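this one's structure only:
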Ligand SMILES: [Zn+2]
Ligand SMILES: [Zn+2]
């Protein structure tokens with residue numbers, strides 16, 4: 001075991017504070033990563049506040065959040081072949097899985113039917129708690145570490161590991177591309193990546209946002225059209241317009257209204273996570289042979305494909321870098337949607353309290 005420094009929620013609801021903990025000694029297939037940057041994902045806040053107790057096993061405190069991790073390899077185990085010391089690598093939402101179930105074998109480790117080992121607030125296969133990226137280093141099996149883009153700033157690429165892949169995977173699965181009309185609902189951390197990636201995939205991108213406040217931003221990010229959902233005329237005007245609607249909103253909105261915007265055979269894919277159930281009427285689906293689906297992050301192979309795609313197309317996140325001492329304030333601002341569009345913690349500030 002070796003000591004690691006980070007920030008943790010010592011118990012549910014408590015503000016994050018400096019915390020020292022143990023990481024495992026690197027095994028023969030492990031890499032040790034010096035963490036340079038870690039994005040702040042809304043799900044970090046949900047978990048640090050133990051708001052997902054209905055959906056997952058008991059939360060584990062003290063909890064070191066963070067699953068948008070980017071840094072340099074500082075050490076490799078004897079049998080590591082995929083990465084070498086000095087490589088820029090990343091770790092996303094999970095650090096292991098069973099590797100043998102049908103899902104794992106087809107590259108869908110995030111849906112592992114035995115056990116996906118989440119990057120934090122989980123237990124590894126030996127039963128030890130996992131700790132995330134709000135820390136100085138992480139030890140991870142080489143197969144679950146990703147090659148980061150070479151031509152883009154590392155800090156702006158950290159959020160690709162959750163926000164980026166969360167949008168890329170459904171865009172690819174539902175075949176967003178030339179000639180396809182897609183709508184991105186909500187222009188936050190997830191939505192802004194949907195716009196950039198949809199545009200880079202050459203789809204026609206419409207943003208549906210509550211107000212017109214972010215219109216200029218959306219156009220700058222690559223949106224072709226922008227509509228305010230607070231205007232009821234939007235829904236009549238856009239009826240049967242889209243092949244694909246990607247819904248990133250985690251608030252309680254009427255999904256039936258958004259289903260009505262799909263063409264025949266269109267799909268709405270949910271990637272935001274509202275806390276309460278949202279009712280869907282059968283007619284919303286049958287009236288156009290429509291599909292309602294959900295999607296969660298992506299597997300290792302697809303995440304690497306996404307990082308390589310972003311590197312080739314110059315796609316990174318719009319970020320605001322913060323010192324770790326300001327993480328609690330950043331959480332408050334995320335809850336108010338007061339960030340364009342993702343906070344990234346500069347880990348060089350760790351230990352400078
Ligand atoms: Zn996340
Ligand atoms: Zn599996």
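Looks like it arrived, so ask away. Note that the structure is predicted; figures quoted are calculated from it, not measured. Ligands and ions are numbered 1, 2, ... in the order given.

residues near residue 98, how many?
Residue 98: 16 surrounding residues under other Cβ atoms under 10 Å. Quick note: C-beta positions are derived from backbone N, CA and C, even for glycine.

Confirm that it lies within a strand, as I assumed.
No - with DSSP: H, G, I helix; E, B strand; the rest coil as the criterion, residue 98 is assigned coil and is not in a strand.

Report the secondary structure state of the closest residue to it other than its chain neighbours.
Nearest residue to residue 98, sequence neighbours excluded (Cβ to Cβ, 6 or more residues apart in numbering): residue 114, at 3.6 Å. Look at residue 114: counting by three-state DSSP, its state is coil.

Which residue is it, in the stretch 101-250 of the chain, that comes closest to ligand 1?
Of all residues in the stretch 101-250 of the chain, the one sitting closest to ligand 1 is residue 162 (3.2 Å; Cβ to the ion).

Quick one: name the residues of this protein near ligand 2.
With Cβ under 5 Å from the ion as the criterion, the chain meets ligand 2 at residues 97-98, 101, 104, 112, 114.

Just checking the longest helix seen in the chain against ligand 1, any contact.
As assigned by DSSP state H, the longest helix anywhere in the chain is helix 300-313. No - Helix 300-313 stays clear of ligand 1 (Cβ under 5 Å from the ion), getting no nearer than 12.5 Å.

and the nearest residue to residue 302 once chain neighbours are set aside, what pLDDT?
Nearest non-adjacent residue to residue 302, counting by Cβ to Cβ, 6+ apart: residue 169, 5.8 Å away. Note on residue 169: pLDDT of 98.

Tell me how many other residues crowd residue 169.
24.

Residue 177 too?
Count around residue 177 with other Cβ under 10 Å applied: 14.

Do I have it right that it meets residue 199?
No - counting by Cβ atoms under 8 Å, residue 177 does not reach residue 199; the two are 11.4 Å apart.

Could you report the neighbour count for the residue in the stretch 201-350 of the chain that ligand 2 sits nearest to?
Here the residue of the stretch 201-350 of the chain nearest ligand 2 is residue 299; by Cβ to the ion that distance is 10.3 Å. For residue 299, the number of neighbouring residues by other Cβ under 10 Å comes to 22.

Could you do residue 323 as well?
Neighbours of residue 323 under the rule other Cβ under 10 Å: 15.

Name the nearest residue to it, ignoring sequence neighbours.
With Cβ to Cβ, 6+ apart as the criterion, residue 323 has its nearest non-adjacent residue at 3.7 Å, and that residue is residue 349.

Strands along the stretch 51-200 of the chain, start to end?
For the stretch 51-200 of the chain, the strands defined by DSSP state E, counting those that start in this stretch cover 69-76, 88-91, 94-96, 117-118, 137-141, 146-147, 181-185.

Of those, which stretch is the most buried?
Stretch with highest mean neighbour count among the strands of the stretch 51-200 of the chain: strand 181-185 (a mean of 26; mean count of other Cβ atoms under 10 Å).

Could you pull up the mean pLDDT of that strand?
On average, the pLDDT along strand 181-185 is 98.

repeat for stretch 303-323
Stretch 303-323 comes out with an average pLDDT of 98.

Check stretch 97-104 too.
For stretch 97-104, the mean pLDDT works out to 98.

one step back: ok, then the element right after the longest helix of the chain?
strand 319-323 (DSSP states H and E).

Paired strands for that following strand, with orientation please.
Here the strand partners of strand 319-323, with direction, are listed using DSSP bridges: strand 342-346 (parallel).

which outside residues touch stretch 150-162?
For stretch 150-162, the external contacting residues (Cβ atoms under 8 Å, 6 or more residues apart in numbering) are 36-39, 41, 43, 67-71, 88, 90-93, 146, 148-149, 189, 193, 297, 303, 306-307, 310-311, 314, 316-319, 321, 342, 344, 346.

returning to that earlier point: counting contacts, what elements does the longest helix of the chain pack onto?
Counting contacts by 3 or more Cβ pairs under 8 Å, 6 or more residues apart in numbering; DSSP states H and E, helix 300-313 packs against strand 146-147, helix 163-173, helix 189-200.

again, 6 Å this time
Counting contacts by 3 or more Cβ pairs under 6 Å, 6 or more residues apart in numbering; DSSP states H and E, helix 300-313 is packed against strand 146-147, helix 163-173.

Check what pLDDT the residue positioned nearest the centre of the chain gets.
The residue lying closest to the centre of the chain (Cα atoms, centre = their mean) is residue 162, at 2.1 Å. Residue 162 is assigned 98 on the pLDDT scale.
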